[in-house]
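Q: what follows is a predicted structure for the sequence shown.
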Amino acid sequence: MGSQFPQLLMVLYVGPCIEPLRPNKELEDMACECPLQDVVETLLQPNLDISSKEFAGKRVLLRVDFNVPIDEATGRVTDASRINAVLPTIKLLLSKNARVILASHFGRPEPKKQTCSDMQALYSLSPVSRWLEQELGTSVFRGLAEDCIGVEAESAVAALQDGQVLLLENTRFHSGDGSNCPAFSASLAALCDVFVNDAFGVVHRDQGSVTVGGRGGWGLVGCGAGSTLPSCPMLLPCVLKPARGTIRCQDTSATRVRLRPPRPPCTFAAIPSLLLQPCYALRPSIGNLLPFSSLSSSLHGARFPTAPPCVGLGGIAGWFAEPSCQSPPLLRCPQGVTRFVPQCYPGPLVRRELSQLADRLYEPERPLGVVLGGAKVADKIGVLAALIEQADVVLVGGRMAFTLLAARGVAVGATQIEENWLEPCRRMMARAAARGTRLLLPSDVLWSASLAGPGPEGGVQQLTPTCCTADSPCIPAGRYGVDIGPDTAAAFREALLGCRTIFWNGPMGKFEVPEFGAGTLAVARAMDEASRRGAITIIGGGDSVAAVTAAGLAGNIKHISTGGGASLELIEGTGMPGLRALVKGPCCQRRSPRATQQQGVDSGCCKGCAGGGCCS
Ligand SMILES: Nc1ncnc2c1ncn2[C@@H]1O[C@H](COP(=O)(O)OP(=O)(O)O)[C@@H](O)[C@H]1O
Ligand SMILES: O=C(OP(=O)(O)O)[C@H](O)COP(=O)(O)O
């Protein structure tokens, strides 16, 4: 790989690398990094309501979130809340004689590691397809296209008639979705005339099918104070992109980025057009860990050279040589739907979610309580810092809790924790104490020898300081924490009943196993009880909603949201690239982004599933 760098760098120099360096302030202004509330307000304007638009004969790409629970044994959808939530949108578009193309992710396939057949077996949208067939009938629903881009998708779309629906296969079968590759977005966008995003559950993801490249994709432009910035900061994701998951924001001064070398197909054909793209400084999509204010101060703090216009080879080469950098300012360039699809709208579900959640969470009736659980620890733990600042009571259960418990010195056995977060968790707990936020962790937990179900070994464990030693661990070595215990459930209930607004995301344990579901059920009951006492209760997240629905306790909840991580990010008040990508004009009082240019992108870049080529 090393031998390719000089060639690549030569191309960078001879390409149209023409833009003079912009001062930091201007970079920041160009970002139009509006307060999220302004973005939300913009998307709620009546002129973006699709019910007042005409779509007859138009191919409408409707991004939906069909990431629904499936029974592994029967392959059937076990909770259709997310499908049902978007059915009215599908029917609305059909009533307008649109040709509706549904795009969704499902689960987290790994196209670079798994073969296509493995991905198909585990993550095909065929169970959802069967569900839609029943709901819509075969004359309207034209089935599942084998792939979401490429020949299969194109021919299926070409066969679509007005007033018919097609479901595209899982967008995440292509690595270009997760990496927000412009070529992937362009291919998806080529299928349609109009893009409607009604996938609230995924608007916090900076992914190709969400922003459909709107303003998606990150280009790395510098490595913080003392490093160099090219004045052609249009080195786009295919060329330079922080590898997913390698950015750690334990605090703003310890941000680390590891660079991924350019992918060969991106080099020659892609770079000239990439270099022409205007860039916007935006908050990085790094698991929502770094508030934009921090980024912006890191932008201010960084030393950007003013000349020569394209920095030196050394500046760029240094990035490759240096595996990590401090506080990298990141630039993000517009790429997709706003470029590739002229008409983009938020769907009715997204608008409804925004108005319901924003109303209730931006200026909540206090005390505000947040219950956080679930298994997407790496994704959601970063939000905790923001929740500690905003909520009065924060309750943490689920697998999430064990990283905090471990940070307190509790021996958690084999329970999966986030090692990188131990120190930040200690600081968060200290901050909660200093601020007066009531942060409750489990005081007892259920442990088991297996995550699959209870065996002869297991039981409820009180988490006393005396048991948290190597000799007397709280959770024995090799055992898993699988639920909160009854004392914790009672303490959580008591805390919740004192709140006027409650938001809950993430089950308290591995609730799919009935024996590990008591904690989740107890919180569901407490939510129900609080609702009946007049509290404003909101539950978000696929599994949390499934748990509450299965328990028959959804009826009194004030708002059931289709998004867990998305709702959390909304509360956090930052990020949401999927929403920002839908804002075409100025979204705040600050300077709006420059008009984007229609440009081609090397279609060979970032081709789909590296696993076996079936979906490239
Ligand atoms: N202690 C635990 N160990 C293993 N899995 C857990 C534990 N607690 C919760 N989970 C799992 O978390 C998953 C839901 O997590 P997440 O996706 O974050 O929630 P949501 O879908 O509600 O946003 C469930 O499948 C549940 O089994
Ligand atoms: O299930 C989802 O989010 P959630 O678990 O936060 O509700 C969405 O479909 C997003 O999925 P992802 O977290 O794999 O990007």
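A: Looks like it came in fine. Ligands and ions are numbered 1, 2, ... in the order given.

Q: and the residue in the stretch 1-150 of the chain that ligand 2 sits nearest to, which of the three is it?
A: Per CB to the nearest ligand atom, residue 67 is where the stretch 1-150 of the chain lies closest to ligand 2, at 3.3 Å. All C-beta spots, glycine's among them, are computed from the backbone N, C-alpha and C. Using DSSP: H, G, I helix; E, B strand; the rest coil, the structure places residue 67 in coil.

Q: any figure for the gap between it and residue 565?
A: According to CB to CB, to the nearest Å, residue 67 and residue 565 sit 11 Å apart.

Q: and residue 135, by the same measure?
A: From residue 135 to residue 565 the distance is 26 Å (CB to CB).

Q: neighbour count for these two, which is higher?
A: A count of neighbours by other CB atoms under 10 Å puts residue 565 above the other of residue 135 and residue 565, at 24 against 16.

Q: my guess is the residue of the stretch 1-150 of the chain closest to ligand 2 contacts residue 104, does it?
A: Yes: using CB atoms under 8 Å, residue 67 is in contact with residue 104, at 6.9 Å.

Q: and the two? which has more neighbours close in?
A: The residue with more neighbours, out of residue 67 and residue 104, is residue 104; 27 against 22, by other CB under 10 Å.

Q: contact partners for the more buried one?
A: Residue 104 is in contact with 63-67, 125, 128, 167-168, 170-171, 199, 209, counting by CB atoms under 8 Å, 6 or more residues apart in numbering.

Q: who wins on neighbours among those residues?
A: residue 209 (35 neighbours).

Q: can you tell me which residues contact that residue?
A: Contacts of residue 209 (CB under 8 Å, 6+ apart): 63, 103, 104, 105, 148, 171, 177, 184, 185, 188.

Q: which pLDDT value goes with it?
A: If you check residue 209, the pLDDT there is 91.

Q: check the gap between the closest residue to it other than its chain neighbours and ligand 1 for me.
A: Distance criterion CB to CB, 6 or more residues apart in numbering; nearest residue to residue 209, sequence neighbours excluded, is residue 171 at 4.1 Å. For residue 171, the distance to ligand 1 (CB to the nearest ligand atom, to the nearest Å) stands at 18 Å.

Q: hang on, residue 171 packs against residue 102?
A: No: checked against CB under 8 Å, the pair residue 171 and residue 102 is beyond contact range at 10.4 Å.

Q: for the closest residue to residue 172 other than its chain neighbours, what are its contacts?
A: Nearest-residue entry for residue 172: residue 105, 4.5 Å, with adjacent residues in sequence omitted and distances by CB to CB, 6+ apart. By CB under 8 Å, 6+ apart, the contact list for residue 105 reads 65, 66, 67, 170, 171, 172, 177, 202, 207, 209.

Q: among these, which one lies nearest to residue 352?
A: residue 65 (13.7 Å; CB to CB).

Q: hmm, that closest one is touching residue 205, no?
A: No: the pair residue 65 / residue 205 is not scored as a contact, 10.0 Å apart, by CB under 8 Å.

Q: now the host helix or strand of residue 345 - C-alpha only, CSV.
A: Here residue 345, judged by DSSP states H and E, is contained in strand 343-346. Provided in CSV are the C-alpha atoms of strand 343-346 (Å, rounded to 0.1, in the frame of the first residue of the first chain):
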residue,chain,number,x,y,z
GLN,A,343,-36.2,16.7,-4.4
CYS,A,344,-35.7,15.5,-0.8
TYR,A,345,-38.3,15.5,2.0
PRO,A,346,-38.6,14.3,5.5
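
Q: give me the buried positions along the helix or strand residue 519 falls within.
A: Secondary structure assignment for residue 519, by DSSP H and E: helix 518-532. Neighbour-count burial for helix 518-532, with 16 or more other CB atoms under 10 Å as criterion, is recorded at 518-531.

Q: count of neighbours near residue 58?
A: 18.

Q: list the contacts for it?
A: Counting by CB under 8 Å, 6+ apart, residue 58 has contacts 98, 99, 193, 194.

Q: ok, residues contacting the helix or strand harbouring residue 132?
A: Here residue 132 sits within helix 126-136, counting by DSSP H and E. Under the contact criterion CB under 8 Å, 6+ apart, helix 126-136 has outside partners 66, 68, 70, 75-77, 80, 83, 87, 90, 102, 104, 106, 141, 143-144, 165, 167.

Q: buried ones among those?
A: 66, 68, 70, 77, 80, 83, 87, 90, 102, 104, 106, 141, 144, 165, 167.

Q: right, and residue 487 touches residue 444 too?
A: Yes: using CB under 8 Å, residue 487 makes contact with residue 444 at a distance of 4.6 Å.

Q: what's the overlap in contacts for these two?
A: Common neighbours of residue 487 and residue 444 (CB under 8 Å, 6+ apart) are residue 462.

Q: between these two, point out the one with more neighbours.
A: residue 444 (20 against 15).

Q: contacting residues around the more buried one?
A: 460, 461, 462, 463, 484, 485, 486, 487, 488 are the contacts of residue 444 under CB under 8 Å, 6+ apart.

Q: what helix or strand does the residue nearest to the last one when sequence neighbours are not counted sit in?
A: With CB to CB, 6+ apart as the criterion, residue 488 has its nearest non-adjacent residue at 4.3 Å, and that residue is residue 442. Assigning secondary structure by DSSP H and E places residue 442 outside every helix and strand.
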